[in-house]
Structures are given as C-alpha cells and as structure tokens.
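**Q** could you look at this predicted model? Sequence included:
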Amino acid sequence: MIETISLGIESTAHTVGIGIINDKGKVLANEKSVYKPGLGKGIHPREAGEHHSKNIVNLIKRSLKISKLSIKDIDIIAFSKGPGLPNCLQIGATMARYLAFKYKKALIPVNHCIAHIEIGKLKTKCKDPVVLYCSGGNTQIIAFTEGKYRIFGETEDIPIGNALDVLARYFGLEMPGGPKIDNLAKKGKYIELPYIVKGMDLSFSGILTECKKLYNKGIKKEDIAFSFVENCFAMLTEVTERALAHTKKNEVLLVGGVAASQKLKDMIKNMCKERGAKCFSVPKEFSGDNGVMIAWNGILSSKQKTKDYSFDKDWRTDEVDVNWI
C-alpha cells in the first residue's frame, strides 16, 4: 500500500518549524528555528516574521535532506492557518501556497490548537481525553463532542504561558520564561496570592499584577515564583477536574509548551489518580510549537474540502469541523 507523506509548516508565533510525517505516524523530520527577543522584551511581531522569512527555506531543505526525500515525494503541504500573529502566519501560509501550487500538491490549512491535541493523541495513544492545552498563546480546557473539539473553559485574559513569560521578564530573566520560573519556584515558599476561577474560566492578569507589586516591595522572587506556579497550576487542575466530571471521560491529555512543566504534570497526575482517570502528557519534543503536529493534522484532515488558503489570526478551536473522528 502506498503511503501518504505530509510536510507541515508551523509559523504562528516565535517558532518556525518544518515537520515531515507519514500516514502511519512515523516522524521523518522535525526541524525548527526559534525567534528569541532581547533580554526583558516580548515577541516583536515584525521581527518574528522577519526571522521566519530568513529561516524557512533552509529548514525545508534540511527537513527534506534528513528525511531522505525530495519535494516530489511529498503528497500534502499543510500549514498553520491560525490562531497566531499575522506577521508570522503570513510567512508560513505564503510558503505553503507556493510549494503546493508549484509542485501540484494537496494544500491543507490546519488549526494550530487542534494540531497540538492530535500530535498529543498520536504520541501518547490516548483515545478520547479531556485536553488541558497550555501554551504561550492559548489556555483552554477542551473535549471532543458532537463533531467538534468543544471549549469547556479558557482564560479570560492572558494565557498561562504568556503570564509566565511576563513574570520572568519582570524578574530580568531570559526567554522562554516558564522553565526559569519553574527553577526559581523550587527554592521558594508560599505567600498568599489571588486565586481566580470563574466557573470554568480562569484569569491570570490579576495574579500577575499582584506578583509585580510584591516584587517591588522587596519580596523574594523565589517566593513569588513558587506561589504563582502553585496558584495558577492549581486553578488549571481544578477546571480540568470539573470538565472530567462533566464529560464523564476517563483520560486527561496535557499539551502545549507549558505541558513540559513537571510541576503541572504532577498536579494533573495526582488529580487523575484520585478520580481513577488516566493521565497523559505529550513528549517534550512535541509540547512546544513544531511542524510535525501541523503535518500530522494535515493527514488527518486531508479529506476536508476547502479553497480558503489564507490565514486567520483568531481561528478558534471550536470553529473546526472535525470529520476524522
């Protein structure tokens, strides 16, 4: 039987990634380049877009070389349509259109959030989980029902990954901020901070503001980091548990860049153990943004008929018809 091979282009934010995978789930290449802003600075959309533009061609060449394939061997060109930063999305969408039309390949737009879910399911072998998706750009509690991935809860302001980065920058630490805050937290003790859960939704901006005030008053950054992580991850665990109870599912899948945090993994794992549910976490290699997840979702959604090959910075998880499940 002839295999289908997909090349995926990820370019939603700081990472431009090229992944190649076949329809059996075998990863043939996973190359990326990450834009890193200066110390104390966040992502500058124009600079990130320029970074992607400078690196994307070499990444494609490198991926094809590593996979020992030529562009003629590729069947599908998939790209991250959104959500994301317009300057970055445009680079990936333009390159995908060029490759697909020049070499007469199938062109598949992919939702970045759902790609995180599907690569997590592929790599952990879980079947029907409640998904806790935590990254720099998104924080959502998701589960599949009635033909779509439904959002049961989400952040009302900034995502948890963004909050971690902002706090790290305030402390004068290098990006990415999550691992730096995690390391600081190991040396701290608990101090009282706000705990903001509104039904199934969460808010992190108020906690972040309080952390900045405490730091300005001379409170140790180790104690602030410990308390911030403790409260925010407990909030995420609470709403995930509530979604698990509501949906009556028995699996939880942790995906996104913040899924690499051992502290968050442990808290979700303990909650699942108490409820008799199975806990899965996407491997670190695929927790951050990567081209493989886009390529794999391109294979899954290859039967979808669309002629809309533009990008959409606000494309929500629950707007996608999931016809492959």
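**A** Right, received. Where do you want to start? Numbers count the residues shown, from 1 in each chain.

**Q** tell me which strands and helices the strand or helix carrying Ser6 is in contact with?
**A** For Ser6, the element it lies in under DSSP states H and E is strand 5-10. Where contact means 3 or more C-beta pairs under 8 Å, 6 or more residues apart in numbering; DSSP states H and E, strand 5-10 is packed against strand 15-22, helix 45-67, strand 76-82, helix 86-103, helix 112-124, helix 291-300. (Each C-beta comes from the backbone N, C-alpha and C, glycine too.)

**Q** could you chop the protein up by domain?
**A** 5-117+286-319, 128-285 (automatic domain parsing).

**Q** wait, which of those is closest to Ile325?
**A** domain 128-285 (6.0 Å; C-beta to C-beta).

**Q** how distant is the closest one from the center of its chain?
**A** In this view, domain 128-285 has its centroid 13 Å away from the chain centroid, taken as C-alpha atoms, centre = their mean, to the nearest Å.

**Q** quick one: average pLDDT of that domain?
**A** For domain 128-285, the mean per-residue pLDDT is 95.

**Q** over to stretch 3-11?
**A** Per-residue pLDDT over stretch 3-11 has a mean of 97.

**Q** use 766 as the first number from now on
**A** Taking 766 as the first residue, the last one we looked at is stretch 768-776.

**Q** Asp1073 touches Pro874, doesn't it?
**A** Yes - checked against C-beta atoms under 8 Å, the pair Asp1073 and Pro874 is within contact range at 6.8 Å.

**Q** looking at these two now, which is surrounded by more residues?
**A** Pro874 (24 against 8; other C-beta atoms under 10 Å).

**Q** how about the secondary structure of the more buried one?
**A** strand (DSSP: H, G, I helix; E, B strand; the rest coil).

**Q** equivalent analysis for Asp1077, please.
**A** coil.

**Q** which SS class is Phe909?
**A** Phe909 ends up strand, using three-state DSSP.

**Q** residues contacting it?
**A** With contact set as C-beta atoms under 8 Å, 6 or more residues apart in numbering, Phe909 has these partners: 893, 915, 1087, 1090.

**Q** who does the strand holding Ser771 pair up with?
**A** Strand 770-775 has the following strand partners under DSSP bridges: strand 780-787 (antiparallel), strand 841-847 (parallel).

**Q** and the angle for it with helix 877-889?
**A** 130 degrees (axes from the mean of the first three to the mean of the last three C-alpha atoms, to 10 degrees).

**Q** before we move on, back to that, Serialize the strands paired with strand 770-775 to TSV and add fields for distance to Phe1051.
**A** Listed next are the strands paired with strand 770-775 as TSV, based on distance: least, C-beta to C-beta, whole Å:
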stretch	distance to Phe1051
strand 780-787	9
strand 841-847	14
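
**Q** the ones you listed: which one's closest to Thr920?
**A** Proximity to Thr920, assessed across those by C-beta to C-beta, is greatest for strand 841-847 (17.4 Å).

**Q** what is the orientation angle of the closest one with helix 851-868?
**A** Going by the same axes, to 10 degrees, strand 841-847 makes 160 degrees with helix 851-868.

**Q** next one: strand 841-847 to chain centre, how far?
**A** What separates the centre of strand 841-847 from the centre of its chain is 15 Å, taken as C-alpha atoms, centre = their mean.

**Q** got the CA positions of it in PDB?
**A** Extracted in PDB, the C-alpha atoms of strand 841-847 (Å, rounded to 0.1, in the frame of the first residue of the first chain):
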ATOM      1  CA  ILE A 841       0.400  17.100   1.300                       C
ATOM      2  CA  ILE A 842       1.600  20.600   2.200                       C
ATOM      3  CA  ALA A 843       0.000  21.600   5.500                       C
ATOM      4  CA  PHE A 844       0.300  24.900   7.200                       C
ATOM      5  CA  SER A 845      -0.800  26.600  10.400                       C
ATOM      6  CA  LYS A 846      -3.700  28.800   9.300                       C
ATOM      7  CA  GLY A 847      -4.200  30.200  12.800                       C
END
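
**Q** looking at it, Pro835 is touching Ile825, isn't it?
**A** Rather than Pro, residue 835 is Ser. No - if you go by C-beta under 8 Å, Ser835 and Ile825 don't touch, sitting 11.4 Å apart.

**Q** which stretches of the stretch 866-1015 of the chain form strands?
**A** Assigned by DSSP state E, counting those that start in this stretch, the strands in the stretch 866-1015 of the chain fall at 871-876, 895-899, 904-910, 913-919, 962-963, 966-967.
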